[in-house]
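**Student:** Using only what follows, build the 3D model:
(chains A and B)
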Amino acid sequence: MRATFSHKGRRKIKVSLVLAYIARRIVYVIPIVASVALVCFLLVHITPGDPLVAVLPADASEELAAQLRAAYGFDRPLPVQFGLWLWRAIHGDLGNSIATGRPVLSEVMRAVGNTVTLAVAAAMIGFTLGLLFGLIAGYFRESWVDKVATSFAIAGVSVPHYWLGMLLVIIFSVELNWLPAVGAGPGGSGAWGWDWEHLRYLVLPAITTSVIPMGIVTRTVRALTGDILSQDFVEALRAKGLRERGVFRHVVKNAAPTALAVMGLQLGYMLGGSILIETVFSWPGSGFLLNSAIFQRDLPLLQGTILVLALFFVFLNLLVDIAQAAIDPRIKRG
Amino acid sequence: MRVERWRRNHAVLATAALVLAAAAGLPRSAGAETVLRIGMTAADIPRTLGQPDQGFEGNRFTGLTMYDGLTMWDLSSADKASVVIPGLATEWKVDDTDKKKWVFKLRPGVTFHDGSPFNADAVVWNVEKVLKQDAPQFDASQVGVTASRMPTLASARKIDDMTVELSTKEPDSFLPINLTNLFMASPAKWQKFFDSAEGADAKAKSQAAWAAFAKDASGTGPWKMAKFTPRERLELVKNANYWDKARVPKTDRMVLLPMPEANARTAALLSGQVDWVEAPAPDAIKEIKQRGFQLKANESPHVWPWQFSRVEGSPWNDIRVRKAANLCIDREGLKEGLLAGLMVSATGTFEPGHPWRGNPTFQIKFDKTAAQKLMQEAGFGPNKKLTVKIQTSASGSGQMLPLPMNEYLQQALGECYFDVKLDVIEWNTLFTNWRRGAKDPTANGANAINVTYAAMDPFFALVRFQQSSMAPPVSNNWGYIHNPKFDELVTKARQTFDPVARDAALAELHAASVDDAAFLYVAHDVAPRAMSPKVKGFVQPKSWFVDFSPVSMAQ
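**Tutor:** Numbers count the residues shown, from 1 in each chain, chains lettered A, B, ... in the order given. As a prediction, the model looks like this:
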């Protein structure tokens, strides 16, 4: 009876520790989000150039320029502009794009959806290969297998991915004509479907996006595996007669928190979208949107996109922290 | 037995069904929809609500396709300069007593894609969408790209259903040319969206109506909007009821795809994903031709110049220095060496054959000896070089290859005793600095600026640079040119209402600017585009715009 009570009590303490940890992390998120909002507003406003360049040709008269500045609210003091923007953003309104007149939020969410599709596909390829190569390389250190896997990893992090993208396009689209060179489906992303007719558009950008995370995960997991395998407890497990499969399970469990953190960060980067890859493949994701917003100097769109992506990153990190705490009890105590 | 009969009956039915299916299929196959897929350089679909953004590429793809103006460009010839012809107006005339008033007769029997009639009310409504701030349809986002291109238009008034009066702020013979930039959107369609829009006030409803209109647009043009996915694709279908039967499109459907990256566009063409790309990657031109694709190019109304500062103390105030720079550039070397043939050497804003060219006495050509002589007369030589500073960008719309081209000039001018310093800044910043002028701190001490310009109409090509009243902050006379002769000729051209005499006055102005070596004239872009051998009937005019109507797709 005492044992049961004590077990329940321990669980209760564990749960409250986890909840306290989650609450603490959520509280930390608030100043981070506020800072992110301020920084992304200021960053786009301190860059030189006219914010109305998308709708105001350079030959427009000063009178017309003044008229439009007033119409778009750019004649107001910067703190007032920030206050108004923040107030609307809190209420879910990121304003309208200057260049297109469309609501920023719908533009960003559509682009983010496309980037998520690409990021998930790339993560599946990159993380699977990264874990596989990392574990193999870690287990067979200094062997030829290790050297091959490490070479893949170094190539993954070293090769410029836009160059790789172009190379893949030349081979698989132009020369072999197996896969499409650009776009997000035969009818665009609005008519996306999960069949081969659409998925074939995803193959080349997903492979190109996956090479960096593949390389980073391989190197991380290789180092972790090697490190764990050299620790005393592994020797002890083997001495106790545990089979290699059991030892492997312990290695994976010990490597998981760090590997998870690295993969979370990589997923965050991928969800941020790659301007280069999405431009090379004309993939209508957040990187493509950012590229367009930067070149058109579309401030509301730029601010909105950066804010949404930054929030994604912040919340993804929060999720990773929580997941780590669930896996590794030492973290929540800290 | 029963089973056998059942089988026989069903075999007959199946055969009949097959015959019917084949019969139904045959005409479909014979008249299969023809589709033209185009990769644009734009990163987004230009705005579709009537007044496109993204410069003249916007007008090319979402302006002139779905909409018409009162006047329009003749895009039918690859040899002659593109001139203004009647569009939705059949004729126009300035008032004999008040030169600030014009009467336009409208084309009868024209309807918008939604079936509503085009008339004087529609013209007044479209003028007021960008000029009358208290009009319900006034849209600030369309003002910038429209009002600046018709700077003197003040108002519109209906005389009768088919006649409209337009007023200008000052006598301006350029108005019919400027009106090519005002596209007629359907008031009836917009009103329908406005009536059903939700919004706190009329302004919010108006914005919502324009947003809805952009997704389901209606103009009078040869192409109708069929499907629109923002930032990804715009599908247009032919308007079989287009008022100009000679310009009813020969292709059923046109798909426009934004592809800002030149290599991606080229790969999409070579892999057969699109049939036509704008501005293919220069490095791939040879391969494009080798693979049997067509390369189209023609001199376009575009100038790649150095615009000189003429403020006090500028080295360019000496005409010998300006002329020497113009004579020191081997433009043919630039064309064949760096640009793979994709430029036309510039000897002014307009080349021979253009109605506004005139007869300049200063012949712009490559003559290094003459250039060196002029520089020596101006007091410079191998041991006393003239330092000049040029503000430019590393990329930008219409800038071609700004950095390598400027480095080429730097090297070439070095042989004529110039020491050229380059101040390279981001494109949008350069563009903004352009209107601030040479005296502004943003010029960063530069005494020339390298911003390319369109030369479609007299205001854009000449007036905004050469009239002294166009100095910053009014317009783009960046270098503060103040030449009384230019001012006099601008006024003369603007107030000459007979088109032939007006063109002669413009030619006089252009010749005077070349004789004054007002700019360092370097190159004209040739607007290269590559297309599949299946694309037939395309004519590339000497214009920023093209006519997609005669284009057909071979099966």
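**Student:** who's in contact with residue B:360?
**Tutor:** Contacts for residue B:360 were tallied using C-beta atoms under 8 Å, 6 or more residues apart in numbering or on different chains; they are B:348, B:510, B:511, B:512, B:514, B:515. (Each C-beta comes from the backbone N, C-alpha and C, glycine too.)
**Student:** Mind checking which of those residues are in helices?
**Tutor:** B:510, B:511, B:512, B:514, B:515 (DSSP state H).
**Student:** Per-residue pLDDT of the fourth one, please?
**Tutor:** pLDDT, the model's per-residue confidence, is 98 for residue B:514.
**Student:** and what of the second one?
**Tutor:** Predicted confidence (pLDDT) for residue B:511: 98.
**Student:** what's the closest non-adjacent residue to it?
**Tutor:** Nearest residue to residue B:511, sequence neighbours excluded (C-beta to C-beta, 6 or more residues apart in numbering or on different chains): residue B:358, at 3.2 Å.
**Student:** Now for that neighbour, how many residues are close by?
**Tutor:** 22 (other C-beta atoms under 10 Å in any protein chain shown).
**Student:** Over to residue A:167?
**Tutor:** 12.
**Student:** Which helix or strand contains residue B:102?
**Tutor:** strand B:101-106 (DSSP states H and E).
**Student:** tell me the mean pLDDT over that strand?
**Tutor:** Mean per-residue pLDDT for strand B:101-106: 98.
**Student:** Extract the CA atoms of whatever helix or strand comes next after that strand and return them as PDB.
**Tutor:** As assigned by DSSP H and E, the chain's next helix or strand after strand B:101-106 is helix B:120-131. Output of helix B:120-131 as PDB, limited to C-alpha atoms (Å, rounded to 0.1, in the frame of the first residue of the first chain):
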ATOM      1  CA  ALA B 120     -18.400  57.300 -71.900                       C
ATOM      2  CA  ASP B 121     -19.500  56.500 -68.300                       C
ATOM      3  CA  ALA B 122     -17.000  53.700 -68.200                       C
ATOM      4  CA  VAL B 123     -14.200  56.100 -69.300                       C
ATOM      5  CA  VAL B 124     -15.100  58.700 -66.700                       C
ATOM      6  CA  TRP B 125     -15.300  55.900 -64.100                       C
ATOM      7  CA  ASN B 126     -11.800  54.600 -65.000                       C
ATOM      8  CA  VAL B 127     -10.200  58.100 -65.000                       C
ATOM      9  CA  GLU B 128     -11.700  58.700 -61.600                       C
ATOM     10  CA  LYS B 129     -10.500  55.400 -60.100                       C
ATOM     11  CA  VAL B 130      -7.000  57.000 -60.100                       C
ATOM     12  CA  LEU B 131      -7.700  60.800 -60.100                       C
END
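**Student:** ok, and for helix B:120-131, which residues are buried?
**Tutor:** B:120, B:122, B:123, B:124, B:125, B:126, B:127, B:128, B:129, B:130, B:131 (16 or more other C-beta atoms under 10 Å in any protein chain shown).
**Student:** secondary structure class for residue A:292?
**Tutor:** Secondary structure assignment for residue A:292 (DSSP: H, G, I helix; E, B strand; the rest coil): helix.
**Student:** still on that earlier bit, who does the strand holding residue B:102 pair up with?
**Tutor:** Applying DSSP bridges, strand B:101-106 is found paired with strand B:89-94 (antiparallel), strand B:163-168 (antiparallel).
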